[in-house]
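In: here is a sequence with its predicted model. Questions after.
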Amino acid sequence: MTESGLTPWSVVRDGLRLIGRFIRAHPGSFAIGVAGAAMFAGSIIASSLVIGWITDNVIISTLEEGAEPDLLYLAAGVILAVAVFKAMGIVLRRTAAGWLQGKTRQDVRNQLLAHQLRLKMSWFNRQAIGDLLAVADSDVQQGTGVLGPLPYASGVSALLVGTIVMVFLIDPWLGLGAVIGLALVIAIDVHGSWITYGMWEEVQRWRGRVSSVAHESFDGALTVKALGREGYVSERFGTASNELRDRIIDVGSTWTKYQVIIKSLPQILIVVLLVVGSVRIDAGAMSAGDLVTVSYLLSLLAFPIQLIGFVLWDLAGSLAGWQRVQDVFDAEDFVVYGEETARSRAGAAPVEGSGVAFAYEEEPVLADLELEIAAGTTLAVVGPTGSGKSTLCLLLARLWDPDTGSIRLEDRDVRTFGRSELPKEIAYVSQESFLFDATVRGNVTLEENFSDDDVWHALRLAGATEFVDRLSDGLDTQLGERGTTLSGGQRQRLALARALVRKPRLLILDDATSAVDPSVEAGILRSLKSAELPSTIMVVAYRPSSIRLADEVLYVDQKRVLGHGTHQDLLESQPGYARLVQAYEEEARRMEREAS
């Protein structure tokens with residue numbers, strides 16, 4: 001048994017179940033491929049019969065009695081007809097097999113993405129992005145690899161059955177020898193595929209590892225180059241790549257050893273059957289044409305027999321690759337939404353939280369948190385590092401769910417909102433502003449139906465019109481992957497505009513303007529307060545100027561809300577808040593001195 005507990009026949013069994021899953025998804029293309037393979041198999045059987053007939057009735061007759069032109073023309077016509085039929089079968093089989101494999105890979109990748117986007121953020125936090133990329137790419141490709149030769153192998157199975165039946169009809173002893181030989185070949189192939197299953201598991205794991213290291217290296221290119229650690233990163237990637245290479249070589253080496261045996265057995269079988277056939281001819285049990293037919297059939301079967309081995313070995317590789325894909329499909333930690341409702345939006349929404357507790361692992365981040373924000377309020381969330389400010393924002397946006405307690409938007413638990421309904425009510429903008437490789441317009445609208453007037457209005461509120469006007473093509477400017485053509489502050493302002501264009505009832509800014517100048521940040525917050533927005537605004541703030549612009553301040557520390565009121569009230573009532581704001585002011589003055 002392998003480390004996973006699979007026996008040789010259980011590898012075949014699970015592999016056949018996997019094949020059945022793929023075939024059920026596209027039965028038509030599989031049926032066409034098998035039909036083409038059956039045509040090919042039929043042409044082989046027909047060609048063997050034709051060769052036998054030509055041997056007895058044309059070649060021997062010509063040698064003994066002289067050539068008959070009509071008979072020669074008939075033989076040539078029959079050979080041509082069989083060849084055309086065989087070619088049609090090959091084209092049909094290969095086209096259908098290619099479509100089956102390509103379409104299945106497309107479907108699986110689409111299903112993978114749709115499945116993952118339904119999962120909670122906690123699941124993503126436990127995964128390596130490079131590993132997920134490997135699952136969607138190399139694992140899907142490996143997992144569906146068996147579909148390429150599958151229709152051919154199915155046709156070969158029909159050919160084997162037809163061949164054995166024909167050989168038995170010609171001579172039972174030759175038929176018995178053929179069955180024993182084929183059974184031995186298949187048994188060796190099954191054992192070999194079982195041996196390599198565990199090896200393929202290691203190959204797929206290391207493919208994921210290589211993908212993870214590569215993704216990390218590209219993602220951290222700035223840090224790597226800044227610290228001059230290119231050599232370290234290259235060596236790290238090289239180590240993982242070498243491990244993958246060694247494991248692929250191990251699989252190839254094992255496959256080659258088995259192939260020496262598999263390729264030899266059919267030839268040995270043919271020689272043995274020729275000897276037996278000669279004895280049977282001497283005994284008058286069969287003719288020379290019959291032996292030529294049997295020999296020709298078995299010689300043509302040499303490659304198809306090997307193809308069955310290819311499928312069995314591909315089955316092991318596909319099963320190992322698919323297991324990693326299936327692990328993703330088995331994850332069912334889904335975000336559960338409520339029913340979609342046609343609620344009328346009536347301006348800014350009040351927000352409440354009661355008994356809210358949350359922990360990423362075992363250590364609580366928030367505990368017994370109480371919260372109440374009046375509609376239309378601009379609220380600054382202030383607290384020391386690690387106090388749970390960003391976590392609170394994520395909970396309010398329902399990117400995470402609290403372990404206990406509830407968060408309500410206008411007396412409605414956010415968990416009861418429908419999937420498409422919630423983003424219309426709440427917009428969340430993080431410090432890390434992600435932009436797509438699209439135009440300015442595309443990054444703001446995300447292909448939703450907003451007019452250019454809506455986009456420009458959102459850009460004005462976000463303080464982005466000045467730099468967008470300077471771009472070469474304005475709203476149609478292509479920004480490049482992750483918006484690399486823009487500064488950090490410009491990216492943050494576009495991300496803010498993306499939220500504002502949707503006119504949310506609750507706007508959450510998790511340090512979303514940290515990369516812009518303090519004066520620009522203050523201008524943005526003033527425009528948001530003075531604009532006729534249907535929004536309650538919540539801002540994670542570090543700069544004293546931003547804190548003072550807020551209507552109210554929420555002071556978070558020790559895993560709960562310690563104070564909620566105006567900035568001045570908290571300065572007087574919360575010593576910890578006063579010390580924190582004083583530290584912020586000293587830092588702001590230091591930065592002003594350095595700037596001047």
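Out: Yes, it's here.
In: quick one: name whatever helix or strand follows the longest helix anywhere in the chain.
Out: In the chain, taking DSSP state H as the definition, the longest helix is helix 230-282. Moving toward the C-terminus from helix 230-282, the first helix or strand encountered (DSSP states H and E) is helix 288-300.
In: past that next one, which element shows up next along the chain?
Out: Taking DSSP H and E, what comes next after helix 288-300 is helix 302-330.
In: would you verify that residue 381 is located in a strand?
Out: Yes - assignment of residue 381 by DSSP: H, G, I helix; E, B strand; the rest coil places it within a strand.
In: what segments of the stretch 51-200 of the chain are helices?
Out: Residue ranges of the helices in the stretch 51-200 of the chain, as given by DSSP state H, counting those that start in this stretch, are 60-65, 69-117, 121-125, 129-134, 140-143, 150-170, 172-219.
In: which of those helices sits most buried?
Out: Among the helices of the stretch 51-200 of the chain, ranked by average contacts under mean count of other Cβ atoms under 10 Å, first place goes to helix 140-143 (a mean of 22). (Glycine included, C-beta is placed from N, CA and C.)
In: show me what that helix is packed against.
Out: With contacts taken as 3 or more Cβ pairs under 8 Å, 6 or more residues apart in numbering; DSSP states H and E, helix 140-143 sits against helix 69-117, helix 302-330.
In: please save the CA atoms from stretch 437-449 in CSV.
Out: What follows is stretch 437-449, C-alpha atoms only, in CSV (Å, rounded to 0.1, in the frame of the first residue of the first chain):
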residue,chain,number,x,y,z
ASP,A,437,-4.7,45.8,-14.9
ALA,A,438,-7.4,47.9,-16.4
THR,A,439,-8.3,51.5,-17.2
VAL,A,440,-9.0,54.2,-14.5
ARG,A,441,-12.7,53.9,-15.4
GLY,A,442,-12.5,50.1,-15.2
ASN,A,443,-10.9,50.2,-11.8
VAL,A,444,-13.5,52.6,-10.4
THR,A,445,-16.6,50.9,-11.9
LEU,A,446,-15.4,47.3,-11.9
GLU,A,447,-17.6,46.9,-15.0
GLU,A,448,-20.7,48.0,-13.2
ASN,A,449,-23.1,50.3,-14.9
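In: contacts for it, please.
Out: 435-436, 450, 452, 455, 458-459, 468, 471, 473-483, 494, 497-498, 501-502 (Cβ atoms under 8 Å, 6 or more residues apart in numbering).
In: any buried residues in that stretch, and which?
Out: For stretch 437-449, burial by neighbour count (16 or more other Cβ atoms under 10 Å) applies to 438-445.
In: show the low-confidence segments of this structure, by residue range.
Out: 1-9, 58, 60-70, 158-159, 227, 286, 297, 300-304, 342-346, 595-596 (pLDDT under 70).
In: tell me which residue is most central in it.
Out: By Cα atoms, centre = their mean, the mean C-alpha position of the chain lies nearest to residue 136, the distance being 2.4 Å.
In: ok, residue 144 - contacts?
Out: Taking Cβ under 8 Å, 6+ apart, one finds 22, 101, 104-105, 108, 318, 322 in contact with residue 144.
In: wait, which of the helices and strands packed on helix 140-143 is closest to residue 392?
Out: Closest of the helices and strands packed on helix 140-143 to residue 392 is helix 69-117, at 23.9 Å (criterion: Cβ to Cβ).
In: check the offset of the closest one from the chain's centre.
Out: With Cα atoms, centre = their mean, to the nearest Å as the basis, helix 69-117 stands 28 Å off its chain's centre.
In: and the angle from it to helix 150-170?
Out: 140 degrees (axes from the mean of the first three to the mean of the last three Cα atoms, to 10 degrees).
In: in terms of secondary structure, what does helix 69-117 contact?
Out: Secondary-structure packing of helix 69-117 (3+ Cβ pairs under 8 Å, 6+ apart): helix 8-25, helix 27-54, helix 140-143, helix 150-170, helix 302-330.
In: name the helices or strands packed onto the longest one?
Out: It refers to helix 302-330. helix 8-25, helix 69-117, helix 140-143, helix 150-170, helix 172-219, helix 230-282.
In: show me what counts as buried in that helix.
Out: In helix 302-330, counting by 16+ other Cβ under 10 Å, buried: 304-326, 328.
In: what is the most widely separated pair among the contacts of residue 144?
Out: Farthest-apart pair in the contacts of residue 144 is 101 and 322; separation 13.5 Å (Cβ to Cβ).
In: report the separation between the closest residue in space to residue 176 that isn't next to it in sequence and residue 308.
Out: In space, residue 176 comes closest to residue 168 once its chain neighbours are excluded; the distance is 7.9 Å by Cβ to Cβ, 6 or more residues apart in numbering. The spacing between residue 168 and residue 308, counted by Cβ to Cβ, to the nearest Å, is 20 Å.
In: and residue 151, by the same measure?
Out: Relative to residue 308, and taking Cβ to Cβ, residue 151 is found at 13 Å.
In: kindly report the same for residue 421.
Out: With Cβ to Cβ as the criterion, residue 421 and residue 308 are 54 Å apart.
In: buried set for the strand or helix carrying residue 458?
Out: Here residue 458 sits within helix 452-461, counting by DSSP H and E. Using 16+ other Cβ under 10 Å as the test for burial, helix 452-461 gives 454-461.
In: can you pull out the strands in the stretch 301-450 of the chain?
Out: Using DSSP state E, counting those that start in this stretch, the strands assigned to the stretch 301-450 of the chain run over residues 351-359, 364-373, 378-382, 404-409, 426-429.
In: which neighbours does the shortest one have in its sheet, and in what orientation?
Out: Strand 426-429 pairs in its sheet with strand 506-510 (parallel), by DSSP bridges.
In: thinking again about what came up before, was I right about the residue nearest to residue 176 contacting residue 175?
Out: Yes - with contact defined as Cβ atoms under 8 Å, residue 168 and residue 175 form a contacting pair (3.2 Å).
In: mind putting the helices of the stretch 51-200 of the chain into a markdown table with distance to residue 240?
Out: Putting those into a markdown table (distance: least, Cβ to Cβ, whole Å) gives the following:
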| stretch | distance to residue 240 |
| --- | --- |
| helix 60-65 | 66 |
| helix 69-117 | 23 |
| helix 121-125 | 22 |
| helix 129-134 | 10 |
| helix 140-143 | 18 |
| helix 150-170 | 32 |
| helix 172-219 | 5 |
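In: between those, which one is closest to residue 13.
Out: helix 172-219 (10.8 Å).
In: the following helix or strand past the closest one - contacts with which helices or strands?
Out: Next helix or strand after helix 172-219 toward the C-terminus (DSSP H and E): helix 221-226. With contacts defined as 3+ Cβ pairs under 8 Å, 6+ apart, helix 221-226 has these neighbours: helix 230-282.
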